[in-house]
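S.K.: Sharing a sequence plus its predicted fold:
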Amino acid sequence: MAQPAFVPPSSSDFFFNPAFGSSFLATKPVMLVMFSVILIAAFFTVSARKAAVVPSRLQFAGEMVYGFVRNSIGKDVIGEEYQRFVPFLFAIFTFVLTNNLFGVVPFMQFPTMSHIGFPVSITIFVYLVYHYVAIKKKGLGRYLKEMCFMPGVPKAVYVILAPVEFLTYFAVRPLTLAMRLFGNMFAGHLLLLLFTLGGEYMLKSALFVKFFAILSFGMAIGLSFFEMGIQCLQAYIFTLLAALYIAGALADEH
Amino acid sequence: MKTYLFVKAATATADAPSPVVPKVGEIIVGLIAFSILFLLLKSKAVPMFEKAYAARTSAIEGGIEKAEAAQRAAESALHAYTAQLNEARTEAQEIREEARVQGAAIIEDLRGKAVEEATRISAAARASIEAERQQAIASLRHEVGALATELASKIVGEALDDHVRQSGIVDRFIADLEKSEK
């Protein structure tokens, strides 16, 4: 049985033709993102609709996610002024989480955040929000001064520290925020692809190789659960960092 | 991974776009999608969740407040009852005291009346005894006079009768007798 050589999955597997027409709006990631918005908005609108003192199961489920973002991320990290950032953090968390989890949902099986454009777009919001909050609270001058010249450091150190701090706030933070999410989702999906495609390839091969296909599929299943954990964790980390940046912008001194 | 709905764009690695270079179109889609989601959650979900939280908090606080109010009411009722009880006790004490005083006064009054009555009765008795005695004395005197006269006339003769009576000798004699008795 002559078979072509195994082609390992590559970044090309992340790019799709439009399902119909020719617009990129009809590609899988874009459609998944749009679907996620409808899904999240519908779920939380319906679950929150009654706002009952004694919650139904649905309301309880919605409240659990909301309460987690509100209290564990918003309240604990930002402190006093947390309430006005809760909707923002809530939207980030649910948006990232849902799109990440699409990576293991059957028939979707694609984490949208592995297309770097989406993490970048959320990062842009985070970037704008934390700079805006800081400038509004402290004024641009004081903000930059506190950022670059943190107190309690010998003067000579500022030569190195000031540019580093400046870069941290204006370049490193947004880059790492977007790249971390993108990288995790990209690598995770690639890993799943490798084991699934590998198993599929081995299944078509000679009989004794077929045996290893089982191992490969087993790995794919195990890694899917592992990925689920990472997807939740990355959504949490992304939201937590957004909250931390906002908290830093609100803090008087760091 | 085979997807029939979404056909892979490129099979060759060479012409695949770089995964770390974001597509402007996707960034824009992301921005719009996230904005819509944010606005929807902010207007529909968050206020309702907060409302539920607030309702729960106020329900708990309301319950506590209600309990506190009930406790306050119970305490004030207790105070009122205690006060009333004390008042009633004082009143009873007063009434008892008054009754005692009144009782004493009544007894005193009655005793006074009784004494007065006794005095009056004894006075009346004494007066009636005196009157009877006077009467007895008068009648006795009369009878003794008559008897003496009769006796004397039997002794001395008949004619003495009128004359003696007229002169009042007998009366004077008896009066002298009384005087010497005393």
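M.R.: That came through fine. Numbering: from 1, shown residues only, chains lettered A, B, ... in the order given.
S.K.: all contacts plus neighbour counts: C-alpha atoms, from now on.
M.R.: OK.
S.K.: Assumed residue A:20 was part of a helix.
M.R.: No: under the criterion used here (DSSP: H, G, I helix; E, B strand; the rest coil), residue A:20 is coil, not part of a helix.
S.K.: residues touching it, list them.
M.R.: residue A:26 (Cα atoms under 8 Å, 6 or more residues apart in numbering or on different chains).
S.K.: what's the burial count for the nearest residue to residue A:110 once chain neighbours are set aside?
M.R.: Using Cα to Cα, 6 or more residues apart in numbering or on different chains and skipping the chain neighbours, the partner closest in space to residue A:110 is residue A:103 (4.1 Å). When neighbours are counted by other Cα atoms under 10 Å in any protein chain shown, residue A:103 registers 25.
S.K.: Residue A:103 reaches residue A:109, doesn't it?
M.R.: Yes: Residue A:103 lies in contact with residue A:109 (Cα atoms under 8 Å); the separation is 4.2 Å.
S.K.: Is the residue nearest to residue A:110 part of a helix or strand, or is it coil?
M.R.: Applying three-state DSSP: residue A:103 is coil.
S.K.: what sits against it?
M.R.: Counted by Cα under 8 Å, 6+ apart, residue A:103 has contacts A:109, A:110, A:111, A:112, A:189.
S.K.: let's go with 10 Å and repeat that
M.R.: A:109-114, A:185-186, A:188-189, A:192, A:224, A:227-228, A:231 (Cα atoms under 10 Å, 6 or more residues apart in numbering or on different chains).
S.K.: re earlier: which neighbours do residue A:103 and residue A:109 share?
M.R.: By Cα under 10 Å, 6+ apart, residue A:103 and residue A:109 have these common neighbours: A:189, A:192.
S.K.: ok, how many other residues are close to residue B:171?
M.R.: Residue B:171: 16 neighbours (other Cα under 10 Å).
S.K.: The lengthiest helix in chain A near chain B anywhere?
M.R.: Among the segments of chain A that qualify as a helix by DSSP state H, the longest is helix A:207-250. No: counting by Cα under 10 Å from any Cα of the partner chain, chain B has no neighbours in helix A:207-250; the shortest distance is 11.9 Å.
S.K.: gap between that helix and the chain center?
M.R.: Put simply, helix A:207-250 sits 11 Å off its chain's centre (Cα atoms, centre = their mean, to the nearest Å).
S.K.: Check stretch A:173-188 too.
M.R.: Here stretch A:173-188 is found 8 Å from its chain centre; the criterion is Cα atoms, centre = their mean.
S.K.: Show me what counts as buried in it.
M.R.: A:173-174, A:177-186, A:188 (16 or more other Cα atoms under 10 Å in any protein chain shown).
S.K.: which residues sit against stretch B:103-115?
M.R.: With contact meaning Cα under 10 Å, 6+ apart, stretch B:103-115 is reached by B:97, B:98, B:99, B:100, B:101, B:102, B:116, B:117, B:118, B:119, B:120, B:121.
S.K.: separation between the residue nearest the centre of chain B and chain A?
M.R.: Residue closest to the mean C-alpha point of chain B, counted by Cα atoms, centre = their mean, is residue B:88 at 3.9 Å. Look at residue B:88 and chain A: by Cα to the nearest Cα, to the nearest Å, they are 49 Å apart.
S.K.: so which strand or helix has that residue?
M.R.: helix B:46-156 (DSSP states H and E).
S.K.: Rounded mean pLDDT for that helix, please.
M.R.: The pLDDT scores in helix B:46-156 average 90.
S.K.: Now do the strands in the stretch 51-200 of chain A.
M.R.: Counting by DSSP state E, counting those that start in this stretch, the stretch 51-200 of chain A has no strands at all.
S.K.: Now do the helices in it.
M.R.: Secondary structure of the stretch 51-200 of chain A (DSSP state H, counting those that start in this stretch): helices located at A:57-67, A:86-101, A:117-138, A:140-148, A:158-167, A:173-203.
S.K.: Name the residues that touch the shortest one?
M.R.: By Cα under 10 Å, 6+ apart, the list of residues contacting helix A:140-148 from outside reads A:131-132, A:134-138, A:149, A:158-169, A:248-249, A:252-254.
S.K.: quick revisit: quick check: phi and psi on the residue nearest to residue A:110?
M.R.: phi -60, psi -30 (degrees, to the nearest 10).
S.K.: State the distance from it to residue B:83.
M.R.: 76 Å (Cα to Cα, to the nearest Å).
S.K.: now the residue nearest to residue A:110: how far from chain B?
M.R.: 13 Å.
S.K.: what's the answer for residue A:237, then?
M.R.: Distance from residue A:237 to chain B, by Cα to the nearest Cα: 18 Å.
S.K.: Am I right that that residue is in contact with residue A:177?
M.R.: Yes: judged on Cα atoms under 10 Å, residue A:237 makes contact with residue A:177 at a distance of 9.1 Å.
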